[in-house]
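S.K.: Make a model of this:
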Amino acid sequence: MVASFSAGSPTASTAVGFLLYQLSRGLSGRVSSMAMALSMGLTPLLSSPEAATAQFAPSNPCRLPAEAIVAKENLRQAALQGDAEAQAEYQRQIQLHATDLENCRRDNWPQNLALWLRLYSCDAYPGVLDEVLDRIVSRGYNEIYVEVFYDGQVLLPLNDNPTVWPSVVRSPQLGDRDLLAEVIRKGHERGLKVYAWLFTMNFGYSYGQRGDRVNAIARNGANETTLNRTRSEDTAYDSELHSYASQTFIDPYSPEARRDYEWLLHAVLERQPDGVLFDYVRYPRLPGRDSVASNVQQLWIHGEASRNALLDRARNDVARSLLDRYLQQGFLSEGDIERIRQQHSDEDQPRWQAVSRPAVSLQNYLWNLSVAHAVQGILDFVHRAVEQVNPHNIPSGAVFFPNGNQPVGEQGFDSRLQPWDRFLPSMEWHPMVYGVCGDTSCLTDQMERVMAFAAEETRVVPALAGVWGESVTNRPSLETQMSAIRQVAPSVNSVSHFAYSWQFPESDRDRKACTIPRP
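M.R.: Reported below is the predicted structural model:
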């Protein structure tokens, strides 16, 4: 793995980078050709086992040689100190590496290799975002998925944030800094496609604290919100992969929630990303036995908007009354049914909107109707967002768990109710192939399940978790995972890696804690 480089570190590679920079000050024409050769790994000025590994490693052929990485980093730091010549050479290296990356990815599988990236307020410091993107390009990635809405905050400028969520960068001195626009522009300079990655039905803690959004939050039959429940997903396994700093899942039928998300997406699209990815397109997964939803009171359909929309699926009064009682107590007794029929004796049979096939019993039918209603809310919410993206002629994608849509037992369902098999085939599908079993068998099982549902025209981009060259947390190395995926899904030519924080943990920790040295 490429180490963290800093000016003045006593390594041979740093010495080469410094020599290249010094030469560039007086011999710019001659050195630019040397720099190009160096960036392409053709004529390294110094040979070392580390450089050879980086240069020829078949597992990641588009990774830059160590010398080119250090040379560019030294130029970046010199440019930060105000050296105009270093700045010019740094920009030239960025362009050269962008061309090299494009050529390399075109000639090597996968043609698109993406990295998931979260930005922090300290990325607004001079030069920090450049360093982050340089690291990504140097590792051979040509796409990034930048998190622009997460944990109840948005990557929009403090002084230009029309949403109900606080900005990631909240310092008044940086009120005009637009990190989303900057990362898109700087990413394009480096040959990176930049997707905007947004939480979808998880609006975050700050939203759940708003008194004017009480009716927009999802509720179960006990009138609980997801904030009332145990942070069930915050396990050792999940916390490595997902953000649980407070989940507030919204009622997807809520007009307020829909309008708030529409405003957010409008602001993001104004920055012209290359695509949009929707995450948390589901309900939460709960602990223990509650991880399986088998009773209507466990479903998150008891908020005002969702409940009313479900009752409106009744086509006569007797049907509405039966459904209302079923939602109230979670079941219907024979006495309930008889009393309601007597109250509506002028109506022959209860009738409902045909959103699911009738079951053998009335109670089973109402259960299936309620589950279908919950699922339809998810689909309606994300498909509305996709319709908003479509006029911009950029792709939309959904991030999902391959096992998030499975039935469990006789009438239960995974509590996430993630209906990814019904996502639009025109969308990109981004399955989180995160299965942990010590080898690649669980990954390939998940991937084969996704490919069985995907339409021929659907772009499938599996997301893998891990690091290059070694196994971590019982996960094989990334190259081992990718090889296995390619064998079971040869038509897939795009892969993503979760996440920057795994590839560059020190950089991520320093940026998150704001312990970066400021120039």
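
S.K.: Please count neighbours and contacts with C-alpha atoms only from this point.
M.R.: Fine.

S.K.: can you count the residues close to T515?
M.R.: Residues lying near T515 (other Cα atoms under 10 Å) number 11.

S.K.: pLDDT at it, what is it?
M.R.: We have a pLDDT of 87 for T515.

S.K.: Quick one: mean pLDDT over the biggest helix by length in the chain.
M.R.: Assignment by DSSP state H gives helix 362-389 as the longest helix of the chain. Confidence for helix 362-389, expressed as mean pLDDT, is 96.

S.K.: which element follows that helix toward the C-terminus?
M.R.: Downstream of helix 362-389, the next assigned helix or strand under DSSP states H and E is strand 396-400.

S.K.: Would you check the distance separating that next one from the middle of the chain?
M.R.: Its chain's average C-alpha position is 8 Å from that of strand 396-400, according to Cα atoms, centre = their mean, to the nearest Å.

S.K.: In the sheet, which strands lie alongside it, parallel or antiparallel?
M.R.: Strands flanking strand 396-400 in the sheet, each with its direction: strand 275-279 (parallel), strand 428-431 (parallel) (DSSP bridges).

S.K.: quick one: it to helix 362-389, angle?
M.R.: 140 degrees (axes from the mean of the first three to the mean of the last three Cα atoms, to 10 degrees).

S.K.: Which secondary structure elements does the next helix or strand along the chain from strand 396-400 sit against?
M.R.: Next helix or strand after strand 396-400 toward the C-terminus (DSSP H and E): strand 407-408. Strand 407-408 sits against strand 412-414, with contacts defined as 3 or more Cα pairs under 8 Å, 6 or more residues apart in numbering; DSSP states H and E.

S.K.: partners of the strand it packs on, with directions?
M.R.: In the sheet, strand 412-414 lines up against strand 292-293 (antiparallel), strand 407-408 (antiparallel) (DSSP bridges).

S.K.: What is the distance between that strand and the centre of its chain?
M.R.: The chain centre lies 24 Å from the centre of strand 412-414; the measure is Cα atoms, centre = their mean.

S.K.: Same check on stretch 417-434?
M.R.: Worked out by Cα atoms, centre = their mean, stretch 417-434 lies 12 Å from the chain centre.

S.K.: got the end-to-end distance for that stretch?
M.R.: Taking Cα to Cα, to the nearest Å, stretch 417-434 runs 18 Å from one end to the other.

S.K.: residues in contact with that stretch?
M.R.: With contacts defined as Cα atoms under 8 Å, 6 or more residues apart in numbering, stretch 417-434 is touched by 281-283, 374-375, 378-379, 383, 395-402, 404-406, 443, 446-447, 450, 453-455, 457-465.

S.K.: Just the buried positions in the longest helix of the chain, please.
M.R.: Applying a neighbour-count criterion of 16 or more other Cα atoms under 10 Å, one finds 363, 365-379, 381-383, 385-386, 389 buried in helix 362-389.

S.K.: same check, this time on stretch 203-214
M.R.: Across stretch 203-214, burial judged by 16+ other Cα under 10 Å covers 203-208, 214.

S.K.: Dump the C-alpha coordinates for stretch 61-71 into CSV.
M.R.: The C-alpha coordinates for stretch 61-71 follow below in CSV (Å, rounded to 0.1, in the frame of the first residue of the first chain):
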residue,chain,number,x,y,z
PRO,A,61,-2.4,-2.0,-12.9
CYS,A,62,-3.6,1.6,-12.9
ARG,A,63,-2.0,2.5,-9.6
LEU,A,64,0.7,5.2,-10.1
PRO,A,65,4.3,4.4,-9.2
ALA,A,66,5.5,5.6,-5.8
GLU,A,67,7.9,8.2,-7.4
ALA,A,68,5.2,9.9,-9.4
ILE,A,69,3.0,10.1,-6.3
VAL,A,70,5.7,11.7,-4.2
ALA,A,71,6.8,14.1,-7.0
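
S.K.: I'd like the numbering to begin with 624 instead of 1 from here.
M.R.: I'll keep to 624 as the first residue from here, and by that count the last item is stretch 684-694.

S.K.: Give the residue spans of the stretch 774-923 of the chain that score low on pLDDT.
M.R.: Residues of the stretch 774-923 of the chain that meet the criterion pLDDT under 70 lie in 852-869.

S.K.: Tell me where it has helices.
M.R.: Applying DSSP state H, counting those that start in this stretch to the stretch 774-923 of the chain gives helices spanning 802-812, 828-831, 859-862, 878-893.
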